[in-house]
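[1] Quick one: sequence and predicted model below, then my questions.
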Amino acid sequence: MGAIVRRPLVIGICGAQGSGKSTLARALEAGLQAAGRAVATLSIDDLYRTRAERQGLARAVHPLLATRGVPGTHDVALGLATIAALERGEPAALPRFDKASDDRLPRAQWPLAPARCQVLILEGWCVGARPQPVEALAVPVNALEAGEDPDGIWRAYANTALAGEYQALFARIDRLVLLAAPDFAVVHDWRLEQERDLAARAGPDAPGLMDAAAVARFIQHYERITRHILAEMPGRADLLVRLDRQRRPSF
């Protein structure tokens, strides 16, 4: 008989854009590896659908779905298949998305998780999120929703997706950590810092880069669910870390 493979412990890390999720995930991964644990990290951003797939959604459902971000723009089945492979003890390929080109990297460039992975860190801006009540979708939360989704088709699609297959993915989480921003207003500055760091790494001509105005519009795609997370998740997260505007934590 073969050795019994125990499924990996899944640690979910949720937080608004620029809150430090990736930094925390890297530190946690390094610490676990130093302790002799087989560990892998997967960002929900790496599950974004390809640019071609999102353009197809934009034509078939709503133009705003061309922009990565909300539930419905991720390949959740890919995430579930990846976790299933880890649960079988396989050295699974971990999807990777290139934000500079706004597209998924070729599979040949995906790193391999270790065989018999003991811990999976799943991080992302909406990891563990729950859908809103349908009646909460009626009133736009910002100019993007009011001007480009006046009938609520886009936000209803995202909410329905979040209520469906995303819950199957998030059900795999054993422990949920929330990095809670002090408010949504700070997210613009945090996300702009990320964009400048990306430009420094990828070069100023990378096609997926955004200027300050584009970042301001981009984060409006995330505002509704981010505000909902900040209101709803603190009461059920296994670990709540409140951040100030400089990302200094308090517990």
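    Everything's here; your move.

[2] The top helix by length along the chain packs against which elements?
    Ranked by residue count, the top helix of the chain under DSSP state H comes out as helix 212-232. Under the contact criterion of 3 or more C-beta pairs under 8 Å, 6 or more residues apart in numbering; DSSP states H and E, the helices and strands touching helix 212-232 comprise helix 143-148, helix 153-163, helix 186-202. Where you see a C-beta, it was placed from the backbone N, CA and C, and this is true even at glycine.

[3] Name the residues of that helix that are buried.
    The neighbour-count criterion (16 or more other C-beta atoms under 10 Å) identifies 215, 218-230 as the buried residues of helix 212-232.

[4] what's the most buried one of the helices and strands packed on helix 212-232?
    helix 153-163 (a mean of 19; mean count of other C-beta atoms under 10 Å).

[5] from the chain's centre, how far out does it sit?
    Helix 153-163 sits 16 Å away from the centroid of its parent chain (C-alpha atoms, centre = their mean, to the nearest Å).

[6] and it with helix 212-232, angle?
    For the pair helix 153-163 and helix 212-232, the angle between their directions (axes from the mean of the first three to the mean of the last three C-alpha atoms, to 10 degrees) equals 50 degrees.

[7] continuing past helix 153-163, what's the next helix or strand?
    Taking DSSP states H and E as the definition, the helix or strand that follows helix 153-163 towards the C-terminus is helix 165-170.

[8] Mean confidence (pLDDT) on that following helix, please.
    Throughout helix 165-170, pLDDT has a mean value of 97.

[9] do the same with stretch 229-238
    The pLDDT scores in stretch 229-238 average 97.

[10] what about that stretch, how long is it end to end?
    By C-alpha to C-alpha, to the nearest Å, the extent of stretch 229-238 from end to end equals 14 Å.

[11] before we move on, what about stretch 7-22?
    With C-alpha to C-alpha as the measure, the ends of stretch 7-22 fall 23 Å from one another.

[12] before we move on, the earlier item: pull the most distant pair out of the buried residues of helix 212-232.
    The distance between the two most remote of the buried residues of helix 212-232 (C-beta to C-beta) is 21.0 Å, for 215 and 228.

[13] just the strands in the stretch 51-200 of the chain please.
    For the stretch 51-200 of the chain, applying DSSP state E, counting those that start in this stretch gives strands covering 97-98, 103-104, 119-124, 175-180.

[14] which one of these has the most crowded surroundings?
    Of all the strands of the stretch 51-200 of the chain, strand 119-124 carries the top mean neighbour count, a mean of 24, counting by mean count of other C-beta under 10 Å.

[15] contacts for that one?
    8-15, 21-22, 24-25, 28-29, 32, 37-45, 83, 86, 113, 172-173 (C-beta atoms under 8 Å, 6 or more residues apart in numbering).

[16] Walk me through which strands it pairs with, and which way each runs.
    strand 9-15 (parallel), strand 39-43 (parallel) (DSSP bridges).

[17] Weed out the non-buried ones from the contacts of strand 119-124.
    Buried among the contacts of strand 119-124 (16+ other C-beta under 10 Å): 8-15, 21-22, 24-25, 28-29, 32, 38-45, 83, 86, 113, 172-173.
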